[in-house]
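S.K.: missing the sequence, but the structure's below:
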């Protein structure tokens, strides 16, 4: 599910307070994402946190750092 949310502080809050499988900070800047992507699994959630960036015109997923 893509969320029309942008604030990095909110993204970090989600990391610390919400159960999820995958959370992606999509494009934007260091402080303001274009949007967030979040997925949830009824099974075991991986708590995988990534950042989507463009490199040479292609989307690349890198490890997100707070």
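M.R.: Happy to help now that I have it. Note that the structure is predicted; figures quoted are calculated from it, not measured.
S.K.: which strand residues bridge the residue nearest the centre of the chain?
M.R.: By Cα atoms, centre = their mean, the chain has its centre lying nearest to residue 24, at 1.9 Å. On the basis of DSSP bridges, residue 24 is bridged to residue 37, residue 50.
S.K.: got a list of what it touches?
M.R.: Counting by Cβ atoms under 8 Å, 6 or more residues apart in numbering, residue 24 makes contact with 36, 37, 38, 49, 50, 51, 52, 61, 64. Bear in mind the C-beta positions are built from the backbone N, C-alpha and C, glycine included.
S.K.: again, but for residue 18
M.R.: By Cβ under 8 Å, 6+ apart, residue 18 lies in contact with residue 38.
S.K.: residue 63 too?
M.R.: Residue 63 neighbours (Cβ under 8 Å, 6+ apart): 49, 50, 51.
S.K.: would a markdown table of those with pLDDT be doable?
M.R.: Putting the contacts of residue 63 into a markdown table (pLDDT from 0 to 100) gives the following:
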| residue | pLDDT |
| --- | --- |
| 49 | 98 |
| 50 | 98 |
| 51 | 98 |
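S.K.: report how many residues lie close to residue 23.
M.R.: As a burial measure, residue 23 scores 23 neighbours (other Cβ atoms under 10 Å).
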